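Peer 1: how would this look folded up:
(one chain, ligands or ions: 1)
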Amino acid sequence: MRKAFPKTGTEWQALDAEMTAMSGADINWRQGRAPLYVFHGSDAAYEVGFQAFMKYFSENALGGRRAFFGLKRMEDEVVEMGLDLFRAPDGAVGNMTTGGSESIFIAVKAARDWARTQPRLKAPYSIVAPFTAHAAFNKAGDVMDLEVRRLATGENRRADVAAMEAAVDDGTIMLVGSAPCFPHGVIDPIQALSDLARERDIWLHVDACVGGYVAPFFQRIGRDIPDFDMALPGVRSLSADLHKFGFCPKPASTLFYREEEDRERGLFHFDQWPNGQFSTATLSSTRAGGAVTAAWAVMHHLGEAGYMDISKQMADMTDAYVAGIKAIDGLHLLAEPDLTIINFGAQDRNNELDIFKVAEGMDRRGWLPGLTQNPKGMHAMLSMFHEAGREDYLADLAASVEEAKGMGGDPDLKAVY
Ligand SMILES: Cc1ncc(COP(=O)(O)O)c(C=O)c1O
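Peer 2: All right, here's what the predicted structure looks like:
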């Protein structure tokens with residue numbers, strides 16, 4: 001039955017209780033039982049983000065320029081800190097958005113508008129990307145009528161740059177590299193993509209949405225992380241989400257451009273309506289002011305030292321997960337991860353062990369399994385929520401594998417994000 005619009009009001013206390021009851025069956029994500037959707041750095045960073053968000057709960061980032069000057073200054077400073085972190089050259093610019101998909105969408109719009117100024121680029125336009133690029137590129141392509149060509153990946157499931165080069169034609173406006181890609185957590189060969197972009201004068205977007213705010217700190221704690229940022233001259237735009245491994249509250253992402261004129265191409269301007277000049281750098285017009293101020297506060301609270309400290313903890317934890325998974329007979333990593341995203345498959349001698357069956361066992365034991373297809377895998381994006389549940393996870397995984405042995409699998413089962 002459809003819920004009726006309430007006739008009278010209800011006090012907060014009753015609502016609070018009802019809301020808690022409604023979420024009673026949720027996955028226990030605070031104990032690391034959700035492999036995606038949520039992130040945790042430290043309790044103190046969470047508290048700072050929460051307080052800073054609430055302090056600007058009502059302000060609207062749309063009005064930053066005309067009304068909320070402190071908020072606007074914080075937004076500018078978030079962007080400047082990002083430009084510094086990603087070693088952007090002088091003259092580079094950026095803006096905040098409400099998420100990775102929006103950052104990608106706007107970067108694609110900017111590239112599309114640039115392409116229209118280049119007579120050598122012939123419509124219909126296309127984007128050339130590895131198979132592992134985020135679905136957001138197709139979302140943008142769908143709206144803007146752009147074909148997204150996804151190419152099989154190469155060594156360690158990184159982008160195959162030669163295959164991408166072969167797929168470029170005179171309608172190709174953008175190359176995509178991920179740092180890292182969501183499915184396998186590996187960083188594409190951005191240096192080689194940067195060279196290709198410069199050689200062919202094609203826009204290169206680096207999607208560092210998931211890893212942008214952690215990869216530089218993994219480098220600083222001595223992990224072997226290849227360069228992926230705006231120090232590489234062919235990187236024309238880069239997206240990085242604060243609401244993931246920046247440990248800031250949702251919705252917060254950043255989008256950077258090497259050139260001011262490219263940022264201009266991402267903007268929307270309109271004045272043929274009663275309210276006059278209307279300009280935004282995002283698809284959303286109204287934006288949560290709190291997401292901007294919380295990002296500013298969390299970045300200052302953690303600083304380089306804080307992000308490095310959490311990175312060290314996450315790197316050790318990921319190593320322990322990887323070692324635990326490799327120790328389970330029948331499981332293998334689908335790629336060696338660069339950061340904290342892991343993906344593993346299953347195989348036994350008779351081909352009768354299916355990772356999706358293992359996932360069903362994990363589901364029954366109260367874990368939300370992350371699944372991938374082509375190849376089939378179990379996927380997890382690890383942040384500090386996942387330390388508490390690590391030993392239980394590995395024990396339940398071993399039990400689920402034993403249970404699934406000899407059962408085979410359903411070939412028609414598909415992964416769901
Ligand atoms: C590599 C990558 N790009 C883009 C996105 C999209 O981000 P959002 O969910 O904030 O739109 C994600 C999300 O996980 C991602 O991992």
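
Peer 1: Whichever residue of the chain sits closest to the ligand: what's it in contact with?
Peer 2: Going by Cβ to the nearest ligand atom, the ligand is nearest to G100 of the chain, at 2.4 Å. Where C-beta positions appear, they are placed from N, C-alpha and C, glycine not excepted. By Cβ atoms under 8 Å, 6 or more residues apart in numbering, G100 lies in contact with H134, A136, D207, C209, V210, S239, D241, K244, S253.

Peer 1: Run through the strands of this protein in chain order.
Peer 2: Ranges of strands in the chain, per DSSP state E, are 93-97, 126-130, 147-151, 172-178, 203-207, 235-241, 253-257, 268-270, 278-280, 331-333, 341-346, 370-372, 377-381.

Peer 1: Could you pull out the helices in the stretch 101-250 of the chain for me?
Peer 2: Listed in chain order, the helices of the stretch 101-250 of the chain (DSSP state H, counting those that start in this stretch) span residues 136-144, 161-167, 190-200, 215-220.

Peer 1: An error on my part: the question was meant for the stretch 251-400 of the chain.
Peer 2: Counting by DSSP H, counting those that start in this stretch, the helices of the stretch 251-400 of the chain are 260-266, 289-326, 355-364, 385-388, 390-404.

Peer 1: Nearest approach to G370 belongs to which of those?
Peer 2: helix 355-364 (8.5 Å; Cβ to Cβ).

Peer 1: now the closest one against helix 390-404, angle please.
Peer 2: Calculated by axes from the mean of the first three to the mean of the last three Cα atoms, to 10 degrees, helix 355-364 forms an angle of 130 degrees with helix 390-404.

Peer 1: how about the contacts of G100 in TSV, adding pLDDT and distance to I355?
Peer 2: Listed next are the contacts of G100 as TSV, based on pLDDT from 0 to 100; distance: Cβ to Cβ, whole Å:
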residue	pLDDT	distance to I355
H134	98	22
A136	98	26
D207	99	26
C209	98	26
V210	98	22
S239	99	30
D241	98	28
K244	98	25
S253	98	31
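
Peer 1: Between which two of those residues is the distance greatest?
Peer 2: Taking Cβ to Cβ, no two of the contacts of G100 sit farther apart than A136 and K244, at 13.3 Å.

Peer 1: Between the two, tell me which one has more neighbours.
Peer 2: K244 (25 against 21; other Cβ atoms under 10 Å).

Peer 1: Do I have it right that the more buried one meets D207?
Peer 2: No - using Cβ atoms under 8 Å, K244 is not in contact with D207; the gap is 11.8 Å.

Peer 1: Those residues of this protein touching the ligand, which are they?
Peer 2: G99, G100, S101, I104, H134, A136, S178, F182, D207, C209, V210, D241 (Cβ under 6 Å from any ligand atom).

Peer 1: hmm, which two among those are most spread apart?
Peer 2: Of all pairs in these, the most separated under Cβ to Cβ is G99 and S178 at 15.9 Å.

Peer 1: Compare those two (neighbour count), which wins?
Peer 2: Taking neighbours as other Cβ under 10 Å, G99 and S178 compare with S178 leading, 29 against 23.

Peer 1: how about the more buried one, what does it touch?
Peer 2: So S178 contacts P130, T132, A133, H134, A159, I187, D188, V206, D207, A208 (Cβ under 8 Å, 6+ apart).

Peer 1: Let's see that with 7 Å instead.
Peer 2: Neighbouring residues of S178 by Cβ atoms under 7 Å, 6 or more residues apart in numbering: T132, A133, D188, D207.

Peer 1: Touching stretch 404-411 from outside, list them.
Peer 2: G330, D348, E352, L353, D354, F356, K357, V358, G361.
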